[in-house]
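Novice: okay, predicted coordinates and the sequence, questions at the end:
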Amino acid sequence: MENVKSVSDNTYRIAVGLDGSEKSWRALAEAFSFAKYKKAELHAISVQETVDASYSAGEVLACEQTARQKLELIHIRARMEAEEAGLEIITAICDGNTVKALTKYVKNHKINLLILGDTGHLSILGALLGTTVERVVRDAPCSVLVVRN
């Protein structure tokens, strides 16, 4: 689901990854500042990850619907906060792997700057494979700003 408007090719575009975590809200606040400074078009992107297929079809559907509703509420809040800040925001919920979905969105929408909250290493596996943020930084076709505490 995407809330889109038509823009010229000269528009500076900023996107923020928004998952509802405190760090993603901090990233959104930074994105507001950058969007005002650059007079940029602002996008908020959320990703609904695919649910493990080991669950029953009913469980998967219920889980996906709940996750989608949560992301829709996050986007309502983001639009309200943007309006309060005097900004317009384009929101999108993408499906699939977070890294692939974010990098695809950034490429397809000609985003100039992607802003993400820093999540750090949450596990030994994360330390070995790299966090989502680290993988996006490596794969994104644009500059990436990582917002720390």
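Specialist: Arrived safely.
Novice: going forward, measure contacts between C-alpha atoms and count neighbours the same way
Specialist: OK.
Novice: so who does the closest residue to T103 other than its chain neighbours touch?
Specialist: Closest residue in space to T103, ignoring its immediate chain neighbours: A140 at 5.1 Å, by Cα to Cα, 6 or more residues apart in numbering. By Cα atoms under 8 Å, 6 or more residues apart in numbering, A140 lies in contact with L102, T103, V106, K107.
Novice: next SSE after the helix or strand bottoming out on mean pLDDT in the chain?
Specialist: Least confident helix or strand, the chain: helix 124-129 with a mean of 47, by mean pLDDT, DSSP states H and E. Counting by DSSP states H and E, the next helix or strand C-terminal to helix 124-129 is helix 132-139.
Novice: in the chain, which strand is the longest?
Specialist: strand 41-48 (DSSP state E).
Novice: SS state for L145?
Specialist: Secondary structure, DSSP: H, G, I helix; E, B strand; the rest coil: L145 is strand.
Novice: hang on, the earlier thing: which neighbours in the sheet does the longest strand of the chain have, and how are they oriented?
Specialist: strand 13-17 (parallel), strand 90-95 (parallel) (DSSP bridges).
Novice: what's the spacing between that strand and its chain's center?
Specialist: From the chain centre to the centre of strand 41-48 is a distance of 4 Å (Cα atoms, centre = their mean, to the nearest Å).
Novice: the one helix or strand I76 maps to packs against which elements?
Specialist: Assessed by DSSP H and E, I76 sits inside helix 57-84. Judged by 3 or more Cα pairs under 8 Å, 6 or more residues apart in numbering; DSSP states H and E, the packing partners of helix 57-84 are strand 41-48, strand 90-95.
Novice: check which residues of it are buried.
Specialist: V60, E64, R68, L71, E72, I74, H75, A78, R79, E81, A82 (16 or more other Cα atoms under 10 Å).
Novice: might one say that R13 is in contact with K107?
Specialist: No: between R13 and K107 there is no contact under Cα atoms under 8 Å: 11.2 Å.
Novice: higher neighbour count, those two?
Specialist: Shown here are R13 and K107; by other Cα atoms under 10 Å, R13 has more neighbours (21 against 14).
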